[in-house]
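Enquirer: need a structure here:
(one chain, ligands or ions: 1)
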Amino acid sequence: MFINTPPMGWNTWNTFGADISEKLVMESADAMIQSGLKDLGYEYVVIDDIWALTERGEDGRLVPDPEKFPHGMKYVSDYVHSLGLKFGMYSCASSLTCAGYPASYQHEWVDAKTFAEWGVDFLKYDFCFHPMVVRADILYKRMSLALANSGRDILFSACSWGSEHTKQWIKETGAHTWRSTHDIVDTWDSIKKLAQSQICAQEYNGKGCFNDMDMLVVGMNGKGHVGLAGCSYEEYRLHFSLWALLNSPLMIGCDIRSMTPQAKQILSNRDVIAINQDPLCSQPFLVNNMQFQPNECRGPEDPFFKEYPLEIPMIAKYLNNGDIAIGIFNFTDSSASPWKTTIPFDNLGLAPGKRLELTNLWTGETKKSVNDVIRENAIPAHDCILLRAKIIDA
Ligand code: GLA
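Expert: Coordinates of the predicted model:
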């Protein structure tokens, strides 16, 4: 199986943690249809950790908790499929999942077979308690091979949080996405930290195997399992824009049965989704801090960034039709003045003599560039601008 664009869907973990059931999953699948999310491309309905009994059955197979899933997993999966959606589940590359339930190490082939029989289309594969005697790449290779031979197309969503140098070996394993961050929580600090940690991970990102910045917290508003403080509308909008621009999977984490109009508006922005799902899937690149060559891109832990933190990253991505997506993200606590948010054409790889017709993907406003630069007015604290730039004759 090969994937051309980052997966989109919904996952139980961020809001529901252990509090999951057949009823919740089926109602959420219904909500994917009724809210219009399916029509926008969200297709996977994924059950995360804490779905199984604490012991395998006598046949050595994983057993869904009958209190949560009284009709078994095939029943849930059939329902999800009947709506034209896809079904996802969760396991771990060790004997226990992160929450302490049985996991797939040494059971890879039987579990892959079980998942295939249940109609699973997506497997998130975690890394807690992984055995130290087996190299991490081997753990992921084992499950990848088992899935690829399960008789079913199953998207393999690796989740080793970037540890053990994941980026260096993950593509060898055949995984389709790899978690390039630690766990997200529903706070501005978490969004900021995860985002800044990704600026230099882009060379590992692309068609076939996408960097996964973790599930979205848009619309959680402080409620649920990783709820905490919650974020403002602008902060959620920045979060969604950045995840979209950096080719991350867009896996919703709020309760989609009761989304606020604001959350729905953010998650349903077709123009932003189109940036994420652009068929070229080209590599996003930083257009400020141009004193570095691309191959010298330094991570946030670098002493340079410690002294001059990348507080207002400006990131561009070439699109399939020749347009350029451009995001300016203000991570500071004050409004960003235009002298900090001006992008010369050179930094975009654009020769002079052209102009850009700029569409703001959140307001719909359009304007034309002047003087071979993109120049944005004050961007408020914790807010962003996401533009689609069309190249036109001057
Ligand atoms: C890890 C993962 C999370 C979630 C939990 C479940 O922390 O990174 O995304 O799946 O495990 O226990």
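Enquirer: Quick check: which ranges of the stretch 201-350 of the chain have low pLDDT?
Expert: The stretch 201-350 of the chain contains residues with pLDDT under 70 at 289-309.
Enquirer: Which residue does it have closest to the ligand?
Expert: Asp214 (6.4 Å; Cβ to the nearest ligand atom). For every residue, glycine as well, the C-beta is placed using N, CA and C.
Enquirer: And the residue of the stretch 51-200 of the chain found nearest the ligand, how close does it get to Val63?
Expert: At 3.3 Å from the ligand, Cys98 is the closest residue in the stretch 51-200 of the chain, using Cβ to the nearest ligand atom. Distance from Cys98 to Val63, counting by Cβ to Cβ, to the nearest Å: 19 Å.
Enquirer: What of Leu358?
Expert: With Cβ to Cβ as the criterion, Leu358 and Val63 are 55 Å apart.
Enquirer: for the nearest residue to Asp111 once chain neighbours are set aside, phi and psi?
Expert: Nearest non-adjacent residue to Asp111, counting by Cβ to Cβ, 6 or more residues apart in numbering: Ser104, 4.4 Å away. Dihedral angles of Ser104 (phi, psi; degrees, to the nearest 10) stand at phi -100, psi 0.
Enquirer: One more: Lys354?
Expert: The phi/psi pair for Lys354 (degrees, to the nearest 10) is phi -120, psi 170.
Enquirer: do the same with Pro249
Expert: Dihedral angles of Pro249 (phi, psi; degrees, to the nearest 10) stand at phi -50, psi 150.
Enquirer: Pull the number of nearby residues for it.
Expert: By the criterion of other Cβ atoms under 10 Å, Pro249 has 27 neighbours.
Enquirer: quick one: contacts for it?
Expert: 6-9, 157, 177, 210, 212 (Cβ atoms under 8 Å, 6 or more residues apart in numbering).
Enquirer: Next, the buried residues of stretch 322-335.
Expert: Buried residues in stretch 322-335, defined by neighbour count with 16 or more other Cβ atoms under 10 Å: 323-331.
Enquirer: Identify the farthest-apart pair in those residues.
Expert: Using Cβ to Cβ, these span at most 25.4 Å, a distance reached by Asp323 and Phe331.
Enquirer: Report how many residues lie close to the residue nearest to Asp111.
Expert: By other Cβ under 10 Å, the residues close to Ser104 number 26.
Enquirer: just checking, it touches Tyr90?
Expert: No: taking contacts as Cβ atoms under 8 Å, Ser104 lies outside contact range of Tyr90: 10.1 Å.
Enquirer: List the residues that are in contact with both of the two.
Expert: With Cβ under 8 Å, 6+ apart, Ser104 and Tyr90 have common neighbours Tyr125.
Enquirer: one step back: am I right that the residue of the stretch 201-350 of the chain closest to the ligand falls within a strand?
Expert: No: assessed by DSSP: H, G, I helix; E, B strand; the rest coil, Asp214 does not belong to a strand; its assignment is coil.
Enquirer: I'd say it and Ile184 touch.
Expert: Yes: applying Cβ under 8 Å, one finds Asp214 in contact with Ile184, separated by 4.1 Å.
Enquirer: What segments of the stretch 51-200 of the chain are helices?
Expert: 72-82, 108-117, 136-148, 166-169, 188-198 (DSSP state H, counting those that start in this stretch).
Enquirer: Ok, which of those comes nearest Asp59?
Expert: That would be, of those and by Cβ to Cβ, helix 108-117, which comes in at 8.6 Å.
Enquirer: got the buried residues for that closest one?
Expert: Under 16+ other Cβ under 10 Å, the buried positions of helix 108-117 are 108-116.
Enquirer: which parts of the stretch 151-300 of the chain sit against the ligand?
Expert: 159, 161, 183 (Cβ under 6 Å from any ligand atom).
Enquirer: Any of the residues you listed buried? List them.
Expert: For these, a neighbour count by 16+ other Cβ under 10 Å gives the buried set as 159, 161.
Enquirer: Which residue ranges of the stretch 251-394 of the chain form strands?
Expert: 285-286, 314-318, 324-329, 342-344, 354-360, 366-368, 373-375, 384-393 (DSSP state E, counting those that start in this stretch).
Enquirer: now the angle from the second one to helix 188-198?
Expert: Looking back up the chat, that one is strand 314-318. With axes from the mean of the first three to the mean of the last three Cα atoms, to 10 degrees as the basis, strand 314-318 and helix 188-198 are set at 60 degrees to each other.
Enquirer: And strand 314-318, what does it pack against?
Expert: Secondary-structure packing of strand 314-318 (3 or more Cβ pairs under 8 Å, 6 or more residues apart in numbering; DSSP states H and E): helix 233-245, strand 285-286, strand 324-329.
Enquirer: one step back: so which of the buried residues of stretch 322-335 also contact the ligand?
Expert: Okay, of these, nothing touches the ligand (Cβ under 6 Å from any ligand atom).
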